[in-house]
Structures are given as C-alpha cells and as structure tokens.
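> test case, fold it:
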Amino acid sequence: MTATTSLTLHPDRLFPAEPGIREVARRLYAAVRDLPIISPHGHVPPQWLAEDTPFGDPTSLLLSPDHYIFRLLHAGGVPLEAVGAGGSPLDEAGSRQAWRHFCEHWRDFRGTPVRFWMESELVDIFGVTQRPSAESADRIYDQIAEHLASPQFRPRALMERFDISFLATTDDPADDLRYHEAIADDPGFTRRVVPTFRPDRYLEPGRPGFPELMAALGTAADTDTGDYAGYLAALAERRRYFKDHGAVSSDHSHADVVTLTLDDAEAQRIYAAALRGEASEAEATALRRHMLVEMARMATEDGLVLTLHPGVYRNHDTATAQRFGPDTGHDIPMAMEFTRGLQPLLDRFGNSEGFHLVVFTIDETVYSRELAPLAGYYPAVYLGVPWWFIDAPEAIRRFRGAVTETAGFYRTSGFIDDTRAFCSIPARHDMSRRLDSAYLAQLVAEHRIEEDEALQTVVDLVTAVPKQVFKL
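As a prediction, the model looks like this:
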C-alpha cells in the first residue's frame, strides 16, 4: 500500500490553520472529545436495540440507511435500487456490488460531510486503513463483514462503545412502542432510549387517507375520533402514552410554519368535512396550521418539547417516490419565513413557563434575520443547530457566526444528529465538537472571551445545553 492509497485521520481535522488558534482549539476539544453522546432527535429503529440482532452486511448498515450517500450516488448514475434505498432487498451479491458502487464513487464525496463521517466510521470503528476505491472495495467489504459477525459489533455493544447515554427515536403516534417497552424492561441494558411523538400525517387533513388515519388514531387511543373534540382527546392521550414511555419531545415538519387559531365551531366544521373527504385545500391548510398551535397548547400542559423543522419539498422526484416511497433522498429545501408565521403561536405561548419550542431550518438566510432575534427574545424559543442538508462544516461555522451575536450559545439546542445511519452518530457529534472548539478558539484569539469561558461553553454545548433544552 502506498501513502496515496492509505486512509488515516488527522488529529487536527477541522481545526484552524493558524498555529496559535489551533492550539487553543486542541485544548478545548480535549475537554469534550470523550464526553457521552446525547442524541435528542434521530431515526435509528428501536427494534435494533430491543432485539440486538447482528447487522447483516456493510451495505445495509452503512449505505442503505443514509440518504446523504445514496442521493449523491444516484446523481452519479447509480440506480437507487442498486444500493438498497427505500428498503429494496439486496442479496449478498447485490450488497457487495452496492459497496463497489460506493467505493468507485469515493471521489464524489470529497469536501462533503459524508467524507468526514465515513472516514471516521471506517477507521475508528472498523480499523480500515485503505482508501475506498474500485481496487479496495472488496477487501474493505470483507473486513467490515468480518467485524459485523462479532458480538462486539451488535447494536447494544456499539451503543456502549459509542457512549451514547441518551437516544431518541422517531415514532408514529399509533405505534404501540413495544420495542421501547422491551428496552426499558431489560435490566441488563442501561442506556436510555426513548420515543419521539411524530404526528405530522395526523395533523394534515388534506392528506390522502386522512379518515383511515383518524380511525387508527382512535383505535390506538381507545377514543372516538368521529368529531373534533374526540380528535383532540385522542392526540392528547397518545402524547400521554408516549410520555409515559419516556418521550421528551414531539417533532413536526410541514410545508410552512404559518400558525393560526380557529374557533372550535370552525375547527369542528373543517374536521367533519375532512372525514368525509370534502375539505377544500384552503380549509385543510387552515386546520393544519391551527393544529400546530394546538400541539403547542398541549405541550404547555404535558411538558413535551416541541421541535419544528418546516420548509422541505417532500418527494420532489414523483416517479422515485411512487417506486421507493418517502425518505429516499429527493426531499429538497425551500425558502422559509418564520417571523410572521410563528407570531400567532408565540403570542399565546412564547412566554409560557416550561414551554420549549426548538426551531430548525435548512434555509440559512433566516438565521440572523429571524430565528436568532426570536430566540433572543422569547423564553420559549431555542435555535436548532444545523442538520440535514446543512450539518456540514461550513454551514455550522456560518450558523455560529449568524446567531451568536443575537442569541448567544445558550439559546441553541446542542447538536442533533438526525440520522438513521447508526454508525455515523459518533462521527457527527465529533464533527460538531471540533467545529465548536474551533469557533470558540477564534473568539479567544480575538480577546472576545477568555479561555476559561470558552472551556465552560464548549462543555455546556455537549452536556448542559441539550439537557436543559430537552428537559433531560
């Protein structure tokens, strides 16, 4: 193996190039490098941890769950079915070929966060020392597959190794949460794994199949959802059920963030029309916007944190959506507006004691103009850190620069990995810790804060901040 084909991790990756500032960043990072991971929002299936079933192969573990990977492979001409996207079944030959596709396209990931994460996974977790390429693909695949056959690489063992102290999943309101019950009832597994209440489709009366969803919600809550009052009661009951199973938050993503309040008679009228399949698009949108305010009202009563990440054009590629379903790499960000949209909700609950609203966006233009000023005034509002399309080094640096001047560090959420790719969790958190260390080191170098303040801040961003925001 030559030096040009080796795979190594430089200890100063993502640190400033200037030697003096880099030395400060090193010291700050050393204080947080090995702290436990708090992951308040993600998409790892709880079944993996409940059943602790060995992972099958490198592709189904590292490639198929990660839309960052397969969307860029698709852009490079690799069919989605060839990498197992959308649950496409792959046999051993197909899995190996998918891995070859990934390694052959390794150059496509240069400069992307995927490159940082995957290098960290390959080196730190699986001991890979060869750079992915057409020539090394099979050797790397075999090395990872050999590790996956070991008990040390089963889901629970990896969670211990990654030192994930808290992990939230994302769950349907009608889910019986049996996997979470199994995890909680096992005295031999001490890591905290909790559900997250994700009610989007139950709050969108214009969605196809809404009457059937209401029936399922009613069955799960043992509540008649035939009228608007029953609908509210069923949602409140399911929120209670989730909280009893450890949930700390509800998660919401709609086309916009406009909020409004309907009177009960109007809400009942539109709800009844939606059950008959007769609600107009405008009526369905109005009820959906009203229901987000209702979720905030319920949050003031049951204490669940409300996380909000609107502004995504879902399933942009119609043919792909029809063939593979949602979450297959073709959701595209849109421009957003928050100040006017959130005003009705914040007018009612922005100053409510105990209410926490964490607002995420993938429209960077609103950080300094709208979101930082909102979080810098309302006690209820916190800024969600960059995630999804913008959980990348440059975007995270821009985020800190855009919001710190107005909202500081302690009105932000702490890092959110938002991933189905289990093995990328430690790499994603490590990236955040390195970047925050670098940003704070720059403030120290400019004599804007002292190093002891920077040290306290970088530790708090990993520990105290997410615990406070998500009420852990």
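
> burial count for residue 239?
Neighbour count for residue 239, taken as other C-beta atoms under 10 Å: 23. Where you see a C-beta, it was placed from the backbone N, CA and C, and this is true even at glycine.

> and the pLDDT at it?
pLDDT for residue 239: 98.

> surely it is in contact with residue 250?
Yes: between residue 239 and residue 250 there is a contact at 6.9 Å, judged by C-beta atoms under 8 Å.

> can you report how many residues neighbour residue 190?
Applying other C-beta under 10 Å, we find 8 residues neighbouring residue 190.

> distance of residue 417 relative to residue 163?
14 Å (C-beta to C-beta, to the nearest Å).

> that older thread, what residues are shared contacts of residue 239 and residue 250?
197, 304 (C-beta atoms under 8 Å, 6 or more residues apart in numbering).

> still on that earlier bit, tell me which of residue 417 and residue 163 has more neighbours.
residue 417 (27 against 13).

> before we move on, which element is the more buried one in?
For residue 417, there is no enclosing helix or strand under DSSP states H and E.

> quick one: contacts for it?
39, 41, 42, 387, 391, 424, 425, 428, 429.

> dump those residues to TSV, plus pLDDT and neighbour count.
Listed next are the contacts of residue 417 as TSV, based on pLDDT from 0 to 100; neighbours: other C-beta atoms under 10 Å:
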residue	pLDDT	neighbour count
39	98	25
41	96	26
42	95	20
387	87	21
391	91	23
424	96	25
425	97	22
428	97	24
429	98	24
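
> so which of those sit within helices?
Counting by DSSP state H, the contacts of residue 417 place 425, 428, 429 in helices.

> against residue 27, how distant is the residue nearest the centre of the chain?
Nearest to the geometric centre of the chain sits residue 418, at 1.7 Å (C-alpha atoms, centre = their mean). According to C-beta to C-beta, residue 418 stands 29 Å off from residue 27.

> same check, this time on residue 283
Between residue 283 and residue 27 the computed distance is 58 Å (C-beta to C-beta).

> so for those two, which sits in the more crowded spot?
Neighbours were counted for residue 283 and for residue 27 using other C-beta under 10 Å; residue 283 has more, 19 against 16.

> separation between residue 205 and residue 274?
4 Å.

> mutual contacts of the two, please.
Overlap of the contact sets of residue 205 and residue 274 (by C-beta under 8 Å, 6+ apart) consists of 283, 284, 287.

> need phi/psi at the first one.
The phi/psi pair for residue 283 (degrees, to the nearest 10) reads phi -70, psi -40.

> which residue packs closest to it, ignoring adjacent ones?
Once flanking residues are discounted, residue 283 sits nearest to residue 270: 4.6 Å by C-beta to C-beta, 6 or more residues apart in numbering.

> and the nearest residue in space to residue 368 that is not next to it in sequence, how far from residue 181?
Distances taken as C-beta to C-beta, 6+ apart put residue 402 closest to residue 368, at 4.2 Å, once the chain neighbours are dropped. From residue 402 across to residue 181, the span is 42 Å (C-beta to C-beta).

> domain ranges for the chain?
56-153, 156-469 (automatic domain parsing).

> which of the ones you listed sits closest to residue 46?
domain 156-469 (4.0 Å; C-beta to C-beta).

> state the pLDDT value of the residue nearest to residue 368.
97.

> what about it, how many residues close to it?
19.

> quick check on it: phi, psi?
Per degrees, to the nearest 10, the backbone of residue 402 is at phi -80, psi -30.

> now swap in residue 192 and tell me
phi -90, psi 120.

> could you do residue 381 as well?
Dihedral angles (degrees, to the nearest 10) for residue 381: phi -100, psi 130.

> so it touches residue 413, yeah?
No: using C-beta under 8 Å as the test, residue 381 is too far from residue 413 to be in contact (10.7 Å).

> CA-only coordinates of stretch 86-106 in CSV, if you can.
Extracted C-alpha coordinates of stretch 86-106, given in CSV (Å, rounded to 0.1, in the frame of the first residue of the first chain):
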residue,chain,number,x,y,z
GLY,A,86,-36.2,2.5,0.2
GLY,A,87,-35.9,-1.0,1.6
SER,A,88,-35.0,-2.6,-1.7
PRO,A,89,-33.9,-6.1,-0.8
LEU,A,90,-30.3,-7.0,-1.7
ASP,A,91,-28.8,-10.4,-1.6
GLU,A,92,-25.1,-10.9,-0.8
ALA,A,93,-24.0,-10.3,-4.4
GLY,A,94,-26.2,-7.2,-4.5
SER,A,95,-24.9,-5.9,-1.3
ARG,A,96,-21.3,-6.4,-2.4
GLN,A,97,-22.0,-4.7,-5.7
ALA,A,98,-23.6,-1.7,-3.9
TRP,A,99,-20.4,-1.3,-1.8
ARG,A,100,-18.4,-1.4,-5.0
HIS,A,101,-20.5,1.4,-6.4
PHE,A,102,-19.8,3.5,-3.3
CYS,A,103,-16.1,2.9,-3.4
GLU,A,104,-15.9,3.6,-7.1
HIS,A,105,-17.6,6.9,-6.5
TRP,A,106,-15.5,7.9,-3.5
